[in-house]
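[1] Predicted model, plus sequence, below.
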Amino acid sequence: MLDLALNYGKGPVALKDVAKRQEISEKYLEHLITPLRKVKLIRASRGAHGGYVLVKAPGSISLQEIITAVEGPVCIVECAKDPGICKRSQGCLSRGVWRELSDKISETLKEITLEKIIEKNFHNGEELCYDI
């Protein structure tokens with residue numbers, strides 16, 4: 001996603017190019033593309049100069065959206081969001097702590113956009129490494 005953000009407005013980016021720059025397999029990237037397309041964070045274009053582009057500006061895409069699309073809701077323990085999965089959740093002393101912590105993590109992820117990451121970490125001439 002950061003690779004697409006760095007190329008925002010420059011046209012589609014081929015997965016093979018992202019894979020090469022990030023030294024990860026193209027198959028792994030293909031696995032990530034499906035959920036990102038499903039929630040309309042990226043779109044594909046076909047053809048000789050095809051590839052993927054962000055649907056929205058990098059400043060409008062949060063880490064929360066990306067992580068939720070690929071991994072599901074951010075939650076420290078499953079019962080924090082769904083008390084029904086644990087028969088002990090009603091009397092659990094720590095569930096409230098886990099729920100509060102999960103909410104704080106989600107709030108923080110909502111505030112961090114692709115644009116903020118780029119602005120904070122971009123260094124002229126240095127090769128960037130990013131996993132988002």
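    Here it is on my side, so go on.
[2] Which residue lies nearest the spatial centre of this protein?
    The residue lying closest to the centre of the chain (CA atoms, centre = their mean) is Ile66, at 2.5 Å.
[3] Name the nearest residue to that one, sequence neighbours excluded.
    Computed as CB to CB, 6 or more residues apart in numbering, the closest residue to Ile66 that is not its neighbour in sequence is Met1, at 5.5 Å. For the C-beta atoms, the positions are set from N, CA and C on the backbone; glycine is no exception.
[4] buried set for the worst-scoring helix or strand of the chain on mean pLDDT?
    One helix or strand of the chain scores below all others by mean pLDDT, DSSP states H and E: helix 78-81, with a mean of 83. Buried positions in helix 78-81, judged by neighbour count with 16 or more other CB atoms under 10 Å: Cys79, Ala80, Lys81.
[5] what helices or strands is that helix leaning on?
    In terms of contacts (3 or more CB pairs under 8 Å, 6 or more residues apart in numbering; DSSP states H and E), helix 78-81 is packed against helix 95-111.
[6] ok, residues contacting the helix it packs on?
    The contact list for helix 95-111, computed with CB atoms under 8 Å, 6 or more residues apart in numbering, reads 62-64, 67, 73-77, 79-81, 83, 89.
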